[in-house]
Structures are given as C-alpha cells and as structure tokens.
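# quick one: sequence and predicted model below, then my questions.
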Amino acid sequence: MSGTSPDPWEFWQGRRPVSAKIIRLTQNDCVDNALGRVKSAMGSSSSKSSALRSCGYASDLLIQDWASGLTLKQTEITQRPERKMIQTIQTAANLLAWGVSLLWLWKAITSAIGLRKVPDLTDAQHNLFPAGNPSLTVVVPARDEAASITTCLRSLLDQQHSNLRVLAVDDRSTDDTGILMDALALQYPDRLSVIHVTKLPSDWLGKTHAMALAARNAIRLHNPDYILFTDGDIFFRPDVLRLALAHAAVTEADHLVVVPTTLVKSSGEGMLLSYFQVMGLWAVRPWRVSDPKARRDAIGLGGFNLLRAIVYQQIGGFDAIRMEIVEDLSLGRRVKQAGFRQRVATGPGLVSIHWASGISGILNGVMKNFFAVFRYNPMIVLVSCISVFILCIAPALFLAFPLTRIPALLALASVAFLHVLSGRQSRISPWYALFFPISAALIIYSMLRSMILTLRLGGVTWRGSFYPLSELRKQAPPAPTARSQS
C-alpha cells in the first residue's frame, strides 16, 4: 500500500474521525498493514491465514466504525443548515423585538414632551370671553337619534355665548328625531331652526349632504363668523363654546378642534377606546397640528369642527367631499393643505360623547370607516394589518422567549405609559393597557372584515343607505391653494 494510504488500524484503535473520502480496503492491504500488530497482539507468530482471520474481524469492526462515522458526518451536514436557519430566525426576532421597542420608546418620549404643548381649555388661563362677540351657527345633523337629540340640542341652547344659532337637520329619520327637533324649535324660535331632509340626492352621502345643506342655509340667512359642525349625540358643557371661540380668536385659528371626552360604560368600551387614543398618536401628532410645515399632522373630529365661515367656503365645504365617509378627517386635511391655521385643544368634560355600546357597537361603528381610511385599497389594508400585528401583538408574544423578553418589556412599558398620558384627557383608566394586544387583534379583524364585506357587497351600507364602491372610490378634487386670513 502507498505511503499516503490511511492506516485502518489507527482509525479503529484511535477512533480518528472518518473523512468523507471513500477508503477502499482489500484483504491483502489489511494483511500488509496489520500483520505485525496481529502477531504482537497474539503473543506468537501466526500464519498468514490466521492473520487474515484476525484482520477480517478487525475489518468488520473498521467498516462498522467508518459507517458510524460517515452517518454522524452526514447527520452533522444535514443539521448544520437547520441550526443556521434557527440562528438566523433568532437573530431576526431579536432585532425585530428591539426595533419595535425602540419605536414605542420614541413615541412615548415624544408624546410626553409634545402633549404638554396642547392647550387644555379648562385651565384658568383660558377662561376668557371672545372679543367682539362673534356670531356662531351650530350645525347638528341627525338620523334616528331620538334617544340623544333632545339632550344634545338643549346643551347647545343653554350655552353662555349669546350670539348663537342652532340649525338642526333631520336626515330622513325613521324614529321621532324630527318630531323632537320641532318641539324644541317651538320653545326656542329665535335660536333653533330645523331642516327636514326627505330624499337624498344622487352622488351624496347622507351626512355630508345634511351638513352642506345646513351650511348653505346658515351662510345665506345669517352669514355667521363661525360655523360649528357636530353630531346629534354630543353633550356640551355650558361654557365650551365661549371658551372655544375665545381660544380661536387668541390663536387666530381658522379651524379649531376640541377633542371630545369619551364616556365609557363597560370594560369592553374602555379597552377599545383607550387603544384608539394611543394608536391615534401614530396617525397625528396633536402638538404639530398648528405647525404649517407639518402637513401630515392634520386633524378633524366630527364631534367638534369649528371653522371660520369664509374658510369653509374657500376650501369648497362639504360639496367638495360629498362622497367621503370619513368626512371630518377629510375636512381637516383640506384645511391644512390649503394653508389655513389649524388648532387643537383638549378639555376634559367640555364635549362629551358615548361613542357606542359595548365591543360590538364600537366595532360595527368603525367597520364602515376602515376601508375608507385606506382609500379602498386592499394592499394598504393588508400592510396595515401586518404593521398592527408587529407593533401591538408581537411584543406580547416576545415575552415568551428569553432572548426577546427585555425589549418586549420595554415596548409594553412604553405602551402603558402612553395609556397614562392619553388617560389624563380622556379619563379612561390606564389599566386597559393590559388588554392592548387583544384590542389590536379585534382591530385587525375589523379592518379585514371591512375590506371583505365592502368588496363582496360592492359598496357600503350606512344608516340605511347603500353607497356603491365605484362612487366611493372617486377621488375628491385637490384642496384649493389659499392663504389664511386674519
């Protein structure tokens, strides 16, 4: 055998690793390499045939040894990619966990700093009267709001601001909403007027049509300085309009939003509403609303949208967004895009609303909005669902693994801190942060269901009216370019 040939006895006795190279042995090779060792082991000289028998036995062991070694080698080769894949997944999960935790930490820090800049109209420094006693018309559209419309209108008629008119719109109600409006109008003929809508024109949503109709009547008949758009289920504290008008005058606001205080009547409502408040800080930074350069930070809330009448006309009013389901947000964006001055303020208890009853009520209420928010684009919906899962649900899952536990705790602590911050205005308990991942799962379900139902039905049914998807997808004309006026 050549000098480069491996010695099978060394492989057998020393258990040296078996290479992947195939080693061929013949009995003669085995005899030539092992004869001396066999003789020594036997203690006496042996014939070649005895050595062959010994070598045959040794060869059997060697073959078994090599087979075992090759099997181990093959197993190692097979397992190595699996181990590498597991290590890659662990590294990716760790990086993702830290990335999510740092995002939440950044949002918590910036919100803690920024929210201090949002004025609270209940503070003593804002207890002012509006200069010049500006005229104000409040537009209240309502459809089947018999349970709340009387309380809403009375809270407006009892306001401290005297230069006030209320224009209520009965939008094709099937209950006693219109009757209750008319009864109050008889008691306050100088301050309350009622419009009854019996038929909805084509290419209009019911609510945008009702508000546009009322605004045209208000401008034509009274030409007010300001118009406030609200809903029929809102309750107003007696001083809120005075405080809002005074703040609008001091800050030279063309559009002022007062954030309503949501009334919570069940733990399910608190869980979802607190989730919306925290996630809303990702959509809009309230402290940047007044910054004209922060174009993406625009705000509009259906419960309290106060605009100067001339600005409302210059942006095209609701006529320009007649098929917008999220008309309040669209109105706010048009104001901001047009370069007018937008402001936002808080004030616990100034404007109150019970949004919906229970988890099912809230989810059904937002079902029609979700697909509209994403411009009826399925891809955006799917990306948003994945984003919500990563931001809101993944940190809870990361708690189960030691490698990602620390960043998960950091993320969840930041979420809890944001609940504390938002709860100062909303008065919703920060303990609902414990249910944050559950709320996120329900919201993902609602987004997907909103998309699937709208696509399957070919449109949206809202307040008893069906609106085709083809019409809803029509883009509103771009916001006009205008400069705010003093």
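All right, it came through fine.
# backbone phi and psi for residue 265, please?
The phi/psi pair for residue 265 (degrees, to the nearest 10) reads phi -120, psi 0.
# quickly note the distance from it to residue 428.
Note on residue 265: its distance to residue 428, by C-beta to C-beta, to the nearest Å, is 12 Å. Where you see a C-beta, it was placed from the backbone N, CA and C, and this is true even at glycine.
# which one's more surrounded, these two?
Each of residue 265 and residue 428 has its neighbours counted (other C-beta atoms under 10 Å); residue 428 has more, 23 against 12.
# contacting residues for that one?
Applying C-beta atoms under 8 Å, 6 or more residues apart in numbering to residue 428 gives the contacts 262, 264, 270, 273-274, 277, 419, 422.
# same thing but at 10 Å, please
Taking C-beta atoms under 10 Å, 6 or more residues apart in numbering, we find residue 428 in contact with 261-264, 269-271, 273-277, 419, 422.
# same question, residue 257
244, 286, 289, 298-307, 328, 332, 335, 342-346, 351.
# what about it, is that helix, strand or coil?
At residue 257 the chain is in strand, as set by DSSP: H, G, I helix; E, B strand; the rest coil.
# quick check: it vs residue 244, distance?
Note on residue 257: its distance to residue 244, by C-beta to C-beta, is 9 Å.
# which residues do the two both contact?
Each of 304, 306, 343, 345, 351 lies in contact with both residue 257 and residue 244 under the rule C-beta under 10 Å, 6+ apart.
# closest one to residue 119 out of those, please.
Using C-beta to C-beta, residue 345 comes nearest to residue 119 of the shared contacts of residue 257 and residue 244, at 4.8 Å.
# any weak-confidence spans in the protein?
Scanning the chain with the threshold set as pLDDT under 70 gives 1-79, 475-486.
# tell me, what residue is most central in it?
Centroid-nearest residue in the chain, with C-alpha atoms, centre = their mean: residue 279, separated by 5.1 Å.
# can I take it that that residue is in a strand?
No - counting by three-state DSSP, residue 279 falls outside a strand, being helix.
# and it, how far from residue 330?
According to C-beta to C-beta, residue 279 stands 19 Å off from residue 330.
# can you name the next helix or strand after the helix or strand hosting residue 82?
Here residue 82, judged by DSSP states H and E, is contained in helix 48-114. The C-terminal neighbour of helix 48-114 among helices and strands, as given by DSSP H and E, is strand 136-142.
# and the end-to-end length of stretch 159-169?
End-to-end distance of stretch 159-169 (C-alpha to C-alpha, to the nearest Å): 19 Å.
# return the set of buried residues in it.
For stretch 159-169, the buried set under the neighbour-count rule, 16 or more other C-beta atoms under 10 Å, comprises 159, 161, 163-169.
# cool, and stretch 316-325?
For stretch 316-325, burial by neighbour count (16+ other C-beta under 10 Å) applies to 316-318, 320-325.
# do the same with stretch 84-93
Across stretch 84-93, burial judged by 16+ other C-beta under 10 Å covers residue 93.
# would you mind extracting the C-alpha trace of it into CSV?
Taking Å, rounded to 0.1, in the frame of the first residue of the first chain, the C-alpha atoms of stretch 84-93 are listed here in CSV:
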residue,chain,number,x,y,z
LYS,A,84,-28.0,28.1,10.9
MET,A,85,-31.7,28.7,10.0
ILE,A,86,-32.7,28.7,13.6
GLN,A,87,-29.9,31.1,14.5
THR,A,88,-31.0,33.4,11.7
ILE,A,89,-34.6,33.4,12.9
GLN,A,90,-33.5,34.1,16.5
THR,A,91,-31.3,37.0,15.3
ALA,A,92,-34.1,38.4,13.2
ALA,A,93,-36.6,38.1,16.0
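# chain center to it, what's the gap?
In terms of C-alpha atoms, centre = their mean, to the nearest Å, the centre of stretch 84-93 is set 28 Å apart from its chain centre.
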